[in-house]
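Enquirer: let me see the structure of the following:
(chains A and B)
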Amino acid sequence: MSVQEITFVIIAVIGGVSAVRMVTSRNVVHAALYLVVTLAMVGAVYLVVAAEFLAWVQVLIYVGAIVVLLLFSLMLTKAPIGRDTLDNQQRGLAALVGMGVLAGLAFLIQDSFGGSKPITLHQATTEQVGVTLFRGFVWPFEVVSVLLLAALVGAVVIARKDDPAGSRRGPDRRAPLRRGSEATRR
Amino acid sequence: MIRLPYLLFFSAVLFSAGVYGVLARRNAVLVLMSIELMLNAVNVNLVAFNAYLRDAALTGQVFALFVITVAAAEVGIGLAIVILIYRNRETINVDEVNLLKW
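Expert: From the prediction side, this is the model:
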């Protein structure tokens, strides 16, 4: 076993265990923290396979932004604690399906790539990623930016509190602020 | 030097955990977290095959970047919907949101 493989196995064991703990944990905040560990380990795996830029993107977007978003929504929805309120009745069936998926994938991986030669790793510099992104994928890049903008506006529209009385109040710029503070006090 | 099946097996473990989470959890935020886990498994696969095929253009990594972006958009919209459901129904258990269930 090479150094990379040993490092990878350690990282993968931590990541896999915390992934399993995440889906079986009884406390929602613990689940979110296990998710942080798993995502950080996925980022470390990117570093091991020399995908440097992607590793830092993973840390910034997932560990930094998405987990904070998830924690905020856990806080706003007052998520309860306990197995019976967090899991449904088909837990055994779901475990069966999960194990089946894992067994099928493991068999397929071993069958198709079991005898493949080890990968010789080359570092992927940020420059190369940028060149590919802005030479070959400019249009997808623009489309995805429009998608993000649409998602941003859509999230604001969906989650905004509808107040029919407020719309009659006219163009008072401070009215939404006051309404917001009332909502937090309630 | 690293063997491809190692990476693929790690990704398979993450994906199966995500499948279990989506099927077994009642809380909608936890379901969204499990979906994030599955998307990450896909990204690991993309990066692994990018390294395996020695693609000098790094198409796999760029694809993983797009997946991350779309996942961020998805989780934003998903959490907005979750908060709206909580405001209207006082619950985010996916089995209690059954207004359209026959």
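Enquirer: longest helix anywhere in chain B?
Expert: helix B:59-89 (DSSP state H).
Enquirer: from the contact counts, what lies against that helix?
Expert: helix A:52-57, helix A:67-76, helix A:126-136, helix A:138-159, helix B:28-52 (3 or more CB pairs under 8 Å, 6 or more residues apart in numbering or on different chains; DSSP states H and E). Every residue, glycine included, has its C-beta placed from N, CA and C.
Enquirer: ok and that helix relative to helix B:28-52, angle-wise?
Expert: If you take axes from the mean of the first three to the mean of the last three CA atoms, to 10 degrees, helix B:59-89 sits at 180 degrees to helix B:28-52.
Enquirer: quick one: helix B:59-89 to helix A:67-76, angle?
Expert: Using the same axes, to 10 degrees: helix B:59-89 against helix A:67-76 is 10 degrees.
Enquirer: in helix B:59-89, what counts as buried?
Expert: Buried positions in helix B:59-89, judged by neighbour count with 16 or more other CB atoms under 10 Å in any protein chain shown: B:59-66, B:68-69, B:71-83, B:85-86.
Enquirer: out of the helices and strands packed on helix B:59-89, deepest packed?
Expert: helix B:28-52 (a mean of 23; mean count of other CB atoms under 10 Å in any protein chain shown).
Enquirer: could you tell me how far it lies from the centre of the chain?
Expert: 5 Å (CA atoms, centre = their mean, to the nearest Å).
Enquirer: pLDDT on stretch B:21-29, on average?
Expert: Throughout stretch B:21-29, pLDDT has a mean value of 91.
Enquirer: can you tell me what sits against that stretch?
Expert: Outside stretch B:21-29, the residues that touch it by CB atoms under 8 Å, 6 or more residues apart in numbering or on different chains are A:22-23, A:28, A:70, A:73-74, A:77, A:79, A:85-88, A:90-91, A:93-95, A:97-98, B:30-31, B:33-35, B:37-38, B:78-79, B:82, B:85, B:92-95, B:97.
Enquirer: equivalent analysis for stretch B:55-62, please.
Expert: Here stretch B:55-62 has contacts from A:51, A:53-54, A:124, A:128-129, A:132-133, A:136-137, B:46-47, B:49-51, B:53, using CB under 8 Å, 6+ apart.
Enquirer: got it, and stretch B:90-102?
Expert: Contacts for stretch B:90-102 (CB under 8 Å, 6+ apart): A:77, A:79, A:85, A:88, B:25-29, B:31, B:82, B:85-86, B:89.
Enquirer: switch the cut-off to 7 Å
Expert: Residues outside stretch B:90-102 that contact it (CB atoms under 7 Å, 6 or more residues apart in numbering or on different chains) are A:Thr77, A:Asn88, B:Arg26, B:Asn27, B:Ala28, B:Val29, B:Val31, B:Val82, B:Ile85, B:Tyr86, B:Arg89.
Enquirer: so which residue is dead centre in chain A?
Expert: With distances taken as CA atoms, centre = their mean, the residue of chain A nearest its centroid is A:Tyr62 (5.1 Å).
Enquirer: quick one: neighbours of A:Ala40, just the number.
Expert: 20 (other CB atoms under 10 Å in any protein chain shown).
Enquirer: which residues touch it?
Expert: Counted by CB under 7 Å, 6+ apart, A:Ala40 has contacts A:Val63.
Enquirer: and it, helix, strand or coil?
Expert: Three-state call for A:Ala40 (DSSP: H, G, I helix; E, B strand; the rest coil): helix.
Enquirer: any weak-confidence spans in chain A?
Expert: A:83, A:163-186 (pLDDT under 70).
Enquirer: what's across from the closest residue to B:Val31 other than its chain neighbours in the sheet?
Expert: Excluding the flanking residues, the one nearest B:Val31 by CB to CB, 6 or more residues apart in numbering or on different chains is B:Arg25, at 5.2 Å. Counting by DSSP bridges, B:Arg25 is bridged to A:Asp87.
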